[in-house]
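Colleague: Structure, please.
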Amino acid sequence: MKARIPLILLLLVTSDIYFFEAVKTLTANSTILSAYWLWDMLLIGGFIFAFTQRKLMPKLVPALMTLILLTLVPKLFATPVLLLEDITRVFRGFPARSQWVSELAFIIAAIPFTALLYGLTRGRHNYQVKRETLYFNDLPDAFDGFTITQLSDIHSGSFTSEKGVLKGIDLVNKQNSDLILFTGDLVNNMASEMDRWIPFFAKLRAQYGKYSVLGNHDYGDYVQWESAGDQQANLDRLKDVHQEIGFKLLLNEAVPVKKEKESVALIGVENWGKGGFHKYGDLEKATAHVPDDAFKILMSHDPSHWDAVTLGHDHHIHLTLSGHTHGMQFGIELFGWKWSPIKYVYKQWAGLYQKSGKYLYVNRGFGFLGLKGRVGMWPEITVITLKREVV
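Modeller: The predicted structure follows:
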């Protein structure tokens with residue numbers, strides 16, 4: 001993130017220099033023109049200040065990034081309009097910029113600005129229920145019609161609104177699913193972030209239980225601890241929190257979920273991520289005592305684990321549930337089409353994927369981190385119905 005910030009600031013200034021021509025076309029007011037550049041100076045100064053204040057940096061940088069998003073993205077949307085006019089101006093001897101084109105650029109910029117403003121103020125609790133029905137020819141008969149609600153990436157350290165969180169929890173319980181599965185990142189960094197929210201998430205209900213795994217943020221790897229013992233104590237406390245809210249935490253292990261006289265194998269691995277993320281997960285260990293012919297559901301926080309390990313594993317993992325990406329909390333979803341910048345980082349980043357008769361579902365996340373809201377990629381509650389396919 002630190003390496004990218006200078007590039008983001010450079011893009012901000014470059015876009016502002018270009019957009020400034022449209023501003024000058026619409027007004028000659030010196031106060032407005034000065035304020036235009038003063039805003040950039042304040043943002044850049046804010047980042048310089050944030051990086052000199054180590055203790056305040058985790059709070060200041062996300063707020064500053066939010067302000068840059070509001071400033072930069074609308075101008076990027078408007079840039080093509082201005083660029084098209086400039087192409088025609090080349091052949092017309094560079095006349096003054098047209099006022100109506102500048103007005104059109106501002107109108108276009110207002111659309112993403114309004115969407116961003118909504119997402120940053122109301123989007124963080126705009127929970128959406130996503131439903132999928134999956135068919136398997138080897139699903140045990142007793143589990144035909146069995147429902148699973150998946151939650152992921154709660155990130156309780158970012159919450160401020162009890163009303164907003166309760167709205168999401170009530171919506172989960174309204175699904176009345178047989179099983180609730182949580183796929184990691186209960187906190188941002190520290191177990192104490194959950195203290196306020198334990199009574200809320202303890203209200204979650206499912207007839208066949210609630211199970212969970214750890215995500216990359218749950219280990220406290222992004223905090224400078226006084227000692228390794230302090231970090232371990234934080235992790236131990238977080239494991240206790242899972243128990244206090246009624247989650248059975250699976251740590252590279254498997255348990256049977258029984259219905260009538262049949263069962264499916266529920267497998268949970270610790271976090272395993274590509275690149276610089278820690279690889280605590282051990283699918284080999286987790287499946288060591290799982291029968292080959294068992295129907296298997298895997299909880300693995302990071303979807304990169306699916307391509308790298310799960311697909312090629314000796315055991316046929318029917319369904320993998322992941323999270324981690326948040327859909328970058330920013331994107332567009334219309335008529336079944338979806339886009340987010342995160343797609344250039346993760347091959348599987350939101351929704352359902354299928355390969356070699358195996359399924360992966362990537363939940364967009366219940367909470368938020370960094371960006372203080374969600375734009376287009378709304379917080380998600382996933383409901384998956386398992387069906388036995390008639391051959």
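
Colleague: partner residues bridging Pro256?
Modeller: Ala265 (DSSP bridges).

Colleague: Check the spacing between the residue of the chain most remote from its centre and Ile267 real quick.
Modeller: No residue in the chain sits farther from the centre than Gly93, which is 48.4 Å out by CA atoms, centre = their mean. Note on Gly93: its distance to Ile267, by CB to CB, to the nearest Å, is 69 Å. Where C-beta positions appear, they are placed from N, C-alpha and C, glycine not excepted.

Colleague: Helices of the protein, residue ranges please.
Modeller: Here the chain has its helices, by DSSP state H, at 5-26, 30-50, 57-91, 99-121, 162-174, 198-201, 228-244, 283-286, 304-305.

Colleague: what packs against the one helix or strand in the chain whose mean pLDDT sits lowest?
Modeller: Using mean pLDDT, DSSP states H and E, helix 5-26 stands out as the lowest-scoring helix or strand of the chain, at a mean of 84. When contacts are defined as 3 or more CB pairs under 8 Å, 6 or more residues apart in numbering; DSSP states H and E, helix 5-26 packs onto helix 30-50, helix 57-91, helix 99-121.

Colleague: will you turn those into TSV that also has mean pLDDT?
Modeller: Compiled in TSV, the helices and strands packed on helix 5-26 are given as follows (pLDDT from 0 to 100):
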stretch	mean pLDDT
helix 30-50	89
helix 57-91	86
helix 99-121	92
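
Colleague: would JSON lines of those helices with distance to Ser263 be doable?
Modeller: Shown next, in JSON lines, are the helices and strands packed on helix 5-26 (distance: least, CB to CB, whole Å):
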{"stretch": "helix 30-50", "distance to Ser263": "52"}
{"stretch": "helix 57-91", "distance to Ser263": "44"}
{"stretch": "helix 99-121", "distance to Ser263": "42"}
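
Colleague: okay, which residue is most central for the protein?
Modeller: Most central in the chain (CA atoms, centre = their mean) works out to His326, at 1.0 Å.

Colleague: residues near Leu186, how many?
Modeller: Look at Leu186: counted by other CB atoms under 10 Å, it has 30 neighbours.

Colleague: Where does the prediction get shaky in the protein?
Modeller: For the chain, the stretches flagged by pLDDT under 70 are 1-5, 58, 391.

Colleague: how about 50 then?
Modeller: Across the chain, nothing is flagged by pLDDT under 50.

Colleague: Can you give me the domain boundaries for it?
Modeller: 5-121, 126-388 (automatic domain parsing).

Colleague: deepest of those domains, which one?
Modeller: Compared across these, domain 126-388 shows the largest average neighbour count, a mean of 19 (mean count of other CB atoms under 10 Å).
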